[in-house]
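**Student:** Mind folding the following:
(2 chains)
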Amino acid sequence: MSASVEAAVGSRPAAVVAGHPGRPRARVLSSLSRWLFIAPAVLYVAVFFGYPVVKNVVMSFQDYSTRTFFTGEAPWVGFKNYAATFGSSLFTTTVVNTALFTIGSIVAQFVIGLGLALFFKRSFPLSGFLRGLLLLPWLLPLIASSAVWKWMLDQDSGAVNQFLGLFGIPAVPWLVSPNLALVAVIGVNIWLGIPFNTTILYSGLQSVPQELYEAASLDGAVGVRAFRYITWPSIRSVVSVVIVLGVVYTLKVVDIILGLTGGGPANSTQTLATNAYHQSFVNFQFGEGAAVSNVLIVVSFVFAIVYISLSRKAVDE
Amino acid sequence: MKMSKTVAVLAGAALASLALAGCSSGSGGSGPGSGGGSKSLTIEDYYQANYNPIYQKCAKQVGAKVTINHVAGAGLIAKVLQQASSRTLPDVLMLDNPDIQQIAASGALSPLTDYGLSGKGDVPAVTAAGSYKGKLYGLEPVTNSIALYYNVKMLKAANVTPPKTWDELRAAAKKLTKGKTYGFAMSNINTYEGTWQFLPFFWSNGGDEKNIATPQAAQALQFDLDLQNDGSMSKSSINWAQADVNNQFIAGKAAMMINGPWQLPALKAAKGLEFASVPIPTRTGDAPVAPLGGEAFTVPLTKSKDTMALAGRFVGCLNTPSMQTYIAGVTGNVPTNEVSADAWAKTHSDVAAFVTTTKTARARTGELGPDWPKAATKIYTAVQAALTGKASPTAALQQAQSQSQ
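**Tutor:** Numbering: from 1, shown residues only, chains lettered A, B, ... in the order given. The predicted structure follows:
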C-alpha cells in the first residue's frame, strides 16, 4: 500500500517534468495566486480581529496600568486578574444582571418584533410608511436616544411619570430604585431592538410561499393554526439567526446603560460589559478590564459558533 | 506564512505610527524662523476657549508661541496615556489634581523643582496634591472646593437663616421643601463626582478613606440618608451630576445646593435668581473639611531639555500671584496663594465662602496617593447602597470597604 503510494507520488513529478517543462513553475504560481486571493481577508482578520483578541488575552495576564503606557512595562501576573474578577463581590451581580438584561431584552424584542412583522405582512394603506417609521430607534444615535430616555424616565419631572400621573399613578422611580432600574434599562433596550427583529422577521415572512396558505386554508388551517403549521416552520432558520445575533448584540451593550444609569444605582444595572469598561477606562486597571471582557468574549464566542452552525444548516436545507 | 505576514504588517504599522509621532512632535517643537532654540509650546487641557487669553498673557511674558489644545474632560486621561505611549505628550499638560500622583507615578512628568519652581505661599494642601514622593510635579494657579449655595428669596420667604450645623441644615431643608421645590440638593451619583460631594460630610465628621467602615462615616451617611428620608432631597440625587444639581437650583426646584464656584457664570446668567453661599454645615458647627478641587499644570518629560525649561517658565508664570488673581477673575475660582486669596475674598463676596473653605480643605490624594480612585469608588458605592435602601449606612460602608476593588 505504502509502496504504491510512494511510487505514485514519486512518478508524478517525473512525468510532469518529462511532459511539460514549464508546469512546476506554473503550479507554484497558481498556488501562490490562490494564497494571494485569500491574503487580503487573512490580513484583515489578523490585524483587526486576531491582534486585538490576542492582545486582550495577553493583557489579562498582565498588570497593565497607567504606568505601562509610559514605561512599556506590563509585569506578568498570571491569573491574578482573573482571581480578582471572579473573587469580586460584584462578579455575581454583573453576571446575573447580564443574563437578565440579555434574556429580558431578547424575549420581548423577539415577541414584539414578530408580532409587528406579522401585522405588517398584510399590506394596508400607509403600511410601508409605518414600517419605515418603525426603524426610527435604529437611526438615532444611541447617546442621543439614551439622553432623551433618561429625561423621560426622570422621577420628578419626566414625561413618562407625567403621563402616568394623568391616570392617578404615583411617580415611579424608574432609574432611581435599584429594583426598577434594570427593568427600565431593559425596556429602553427592547425599544431599540424591535426594528432589527421586525425587519429581519418581516423579510423571512416574505419568503414563505403564498400557495402554502391557500392550500392550508382549503384544509381549514387558518389563523393560529396556519401560523403554527406553516409560518413558524418556514421561518425557523430566520428566527434562530435573529435570536443568536440578538444575544451577541445585547451581551456587549455598554452605551445605553452608561447613558441611562452609569451602572447604578448601587450597581443594580452593572453588567459584564459596563464593568469591563469601568475597570479599563475609569479605574485604568486594563488588566482586570481585559479579564472581564474575556469572560464576555467567551460567552459571545459560544453564541457565534451556534450562529455559524445554524446558518450552515440553513444553507444545507 | 500567515504569521510572518502579520508580523510584517504590524511592523509596518508600528513604523508608520512612529513616523507620524515624529511629525507631530516636530510640529510641536521649534519651527524654522522662530529665532533658534525652542520658542513654541503645546498646551493640553480640558478647559474652554476662555482660557486662551490667560495662556497668551504668559506666552508673551516668557516669549513663546503657544498651540492650545482643549480636550473633552472625560477623555483627557485616556488621551494622555495614549500620548505617553507614543511619546507625543504636550509641553504643558493640565491635570485634575487627584490624577497628578497617578500620572507622576507612571514617570511621565518632570519635577518642577528642576525649573526653580516651588509652591511657596500657596495653600499647603494644594502643593501636597501636586507632589508625589516628596517632589513637586504640578502647580495649581487657582483652586476650588464646594460650599452650600442658597436661594436668597426662598430663605427669606420661609424665614430661614443659612444653616451652620447639620441640625440646622436638616430643619431648614424641611422647612424649605414645598410643592415641587426640594429644600436641598446635592449629587450622590455613582462616579467620583458623587464621592467629591459627599466628602465634606464624611471628612468633617471624622471619616477616613483608609477605612470607611467607621461609626463617624456611618453617621455622615445617615445624615445624607435623613435628608432624603425627610423628603427634603430628591431621590433622583443618586443620578445627578453636579451640573444637574445646578440646573435644579436654577430652575427653582431646590432651595439649597452643594456646588462649586465654577457654576458662578451659569448662576449669574440665570435671570431673577438671587443666590449666596456659605461653607458646608458640619455636625458640630466647626469649620468643614472639604475636598480641594482645581487643576494643576505639569511639565511632561519630552525630548528637548530647552522646551521643557521654557514650559517650566510658562507654568511658573501661570502660578504668579498676579496671574492667579487674573485667572480667578476669568473662571470664578479661588487664587491658590493665601495672601491673594484673602484679598480676593474681600472684593468678591460671592467666592468668600469658597476662600474660607479652601483654607481648611484637604487634598483627595493626601493620604492614599495614587490609590485614591479605589477609595473613591468605595465611598460612592456605599452612598448609593444606603440611599437606595439596599443596606443601612453602617452595612453599606462595611460592604464597600470589604469590596476587593
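
**Student:** Centre-most residue in chain B?
**Tutor:** B:Gly293 (3.7 Å; CA atoms, centre = their mean).

**Student:** biggest helix in chain A by residues?
**Tutor:** The single longest helix within chain A, with elements called by DSSP state H, is helix A:89-121.

**Student:** list the helices and strands that one packs on?
**Tutor:** helix A:127-134, helix A:178-206, helix A:232-251, helix A:272-281 (3 or more CB pairs under 8 Å, 6 or more residues apart in numbering or on different chains; DSSP states H and E). For the C-beta atoms, the positions are set from N, CA and C on the backbone; glycine is no exception.

**Student:** out of those, which comes closest to chain B?
**Tutor:** Closest of the helices and strands packed on helix A:89-121 to chain B is helix A:178-206, at 4.6 Å (criterion: CB to the nearest CB).

**Student:** Give me the angle between the closest one and helix A:127-134.
**Tutor:** Between helix A:178-206 and helix A:127-134, the angle comes out at 150 degrees (axes from the mean of the first three to the mean of the last three CA atoms, to 10 degrees).

**Student:** Skipping adjacent residues, who's closest to B:Asp230 in space?
**Tutor:** Nearest non-adjacent residue to B:Asp230, counting by CB to CB, 6 or more residues apart in numbering or on different chains: B:Lys174, 5.4 Å away.

**Student:** Can you spell out the domain ranges of chain A, please?
**Tutor:** A:2-57, A:88-316 (automatic domain parsing).

**Student:** still on that earlier bit, now the phi/psi pair for the residue nearest to the centre of chain B, please.
**Tutor:** phi -110, psi -160 (degrees, to the nearest 10).

**Student:** From the structure, what's the count of residues near the spatially closest residue to it that is not a sequence neighbour?
**Tutor:** Nearest residue to B:Gly293, sequence neighbours excluded (CB to CB, 6+ apart): B:Asn144, at 4.2 Å. When neighbours are counted by other CB atoms under 10 Å in any protein chain shown, B:Asn144 registers 26.

**Student:** about what we covered before: can you redo the helices and strands packed on helix A:89-121 as CSV with distance to A:Tyr44, mean pLDDT and mean neighbour count?
**Tutor:** CSV is the format used below for these (distance: least, CB to CB, whole Å; pLDDT from 0 to 100; neighbours: other CB atoms under 10 Å in any protein chain shown):
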stretch, distance to A:Tyr44, mean pLDDT, mean neighbour count
helix A:127-134, 34, 86, 13
helix A:178-206, 25, 93, 20
helix A:232-251, 20, 90, 18
helix A:272-281, 25, 92, 23
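
**Student:** Distance to chain B added to the ones you listed, as a markdown table?
**Tutor:** Shown next, in a markdown table, are these (distance: least, CB to the nearest CB, whole Å):
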| stretch | distance to chain B |
| --- | --- |
| helix A:127-134 | 30 |
| helix A:178-206 | 5 |
| helix A:232-251 | 22 |
| helix A:272-281 | 6 |
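
**Student:** and A:Ser309, which of these is closest to it?
**Tutor:** helix A:232-251 (9.8 Å; CB to CB).

**Student:** Packing partners of that closest one?
**Tutor:** Using 3+ CB pairs under 8 Å, 6+ apart: helix A:232-251 touches helix A:89-121, helix A:178-206, helix A:286-316.

**Student:** Check the offset of it from the chain's centre.
**Tutor:** 11 Å (CA atoms, centre = their mean, to the nearest Å).

**Student:** likewise stretch A:49-67?
**Tutor:** 22 Å.

**Student:** Could the C-alpha coordinates of it be exported in CSV?
**Tutor:** C-alpha atoms of stretch A:49-67 as CSV (Å, rounded to 0.1, in the frame of the first residue of the first chain):
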residue,chain,number,x,y,z
PHE,A,49,-9.7,40.8,14.9
GLY,A,50,-6.8,38.5,15.6
TYR,A,51,-4.4,41.1,17.0
PRO,A,52,-7.0,42.7,19.4
VAL,A,53,-8.2,39.4,20.7
VAL,A,54,-4.7,38.1,21.3
LYS,A,55,-3.6,41.4,22.8
ASN,A,56,-6.6,41.3,25.1
VAL,A,57,-5.8,37.8,26.3
VAL,A,58,-2.2,38.7,26.9
MET,A,59,-3.2,41.9,28.7
SER,A,60,-5.5,39.9,31.0
PHE,A,61,-2.4,38.2,32.4
GLN,A,62,-0.5,41.4,33.0
ASP,A,63,-0.5,44.2,35.5
TYR,A,64,-1.4,46.7,32.7
SER,A,65,-2.0,50.1,34.3
THR,A,66,-1.4,53.8,33.6
ARG,A,67,2.3,53.2,34.3
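
**Student:** Listing request: residues of chain A with sub-threshold pLDDT.
**Tutor:** For chain A, the stretches with pLDDT under 70 are A:1-22, A:314-317.

**Student:** try 80
**Tutor:** Where chain A drops to pLDDT under 80, the residues are A:1-24, A:123, A:310-317.

**Student:** circling back to that earlier point, for B:Ser204, which of the helices and strands packed on helix A:232-251 is the nearest?
**Tutor:** The nearest among the helices and strands packed on helix A:232-251, by CB to CB, is helix A:178-206 at 28.2 Å.

**Student:** isn't B:Asn190 right up against B:Ile238?
**Tutor:** Yes. With contacts counted by CB atoms under 8 Å, B:Asn190 reaches B:Ile238, the gap being 7.2 Å.

**Student:** Overlap of the contact sets of these two?
**Tutor:** Counting by CB atoms under 8 Å, 6 or more residues apart in numbering or on different chains, the contacts common to B:Asn190 and B:Ile238 are A:Gly264, A:Pro265, A:Ala266, B:Gln384.

**Student:** could you list every residue that touches residue 71?
**Tutor:** Defaulting to chain A. B:Ser106, B:Gly107.

**Student:** The intended chain is chain B.
**Tutor:** Applying CB under 8 Å, 6+ apart, the residues near B:Val71 are B:Glu44, B:Asp45, B:Tyr46, B:Lys79.

**Student:** Distance of the second one relative to B:Gly272?
**Tutor:** B:Asp45 is 34 Å from B:Gly272, where distance means CB to CB, to the nearest Å.

**Student:** Between the two, tell me which one has more neighbours.
**Tutor:** Ranked by neighbour count (other CB under 10 Å), B:Asp45 and B:Gly272 place B:Asp45 first, with 20 against 6.

**Student:** which residue packs closest to the more buried one, ignoring adjacent ones?
**Tutor:** B:Met94 (3.6 Å).

**Student:** Look up phi and psi at B:Glu275.
**Tutor:** Careful, residue B:275 is Phe and not Glu. Per degrees, to the nearest 10, the backbone of B:Phe275 is at phi -130, psi 160.

**Student:** ok, how many other residues are close to it?
**Tutor:** B:Phe275: 20 neighbours (other CB under 10 Å).

**Student:** in a strand, that's where B:Ile258 is, yeah?
**Tutor:** Yes. Counting by DSSP: H, G, I helix; E, B strand; the rest coil, B:Ile258 is part of a strand.

**Student:** Tell me the bridge partners for it.
**Tutor:** Listed by DSSP bridges, the beta-bridge partners for B:Ile258 are B:Leu148.

**Student:** What's the separation between it and B:Gln242?
**Tutor:** B:Ile258 is 8 Å from B:Gln242, by CB to CB.

**Student:** in the helix or strand harbouring the residue nearest to B:Asp230, what counts as buried?
**Tutor:** In the assignment (DSSP states H and E), B:Lys174 maps to helix B:166-176. Within helix B:166-176, the residues that qualify as buried are B:Trp166, B:Leu169, B:Arg170, B:Ala171, B:Ala172, B:Ala173, B:Lys174, B:Lys175, B:Leu176, counting by 16 or more other CB atoms under 10 Å in any protein chain shown.
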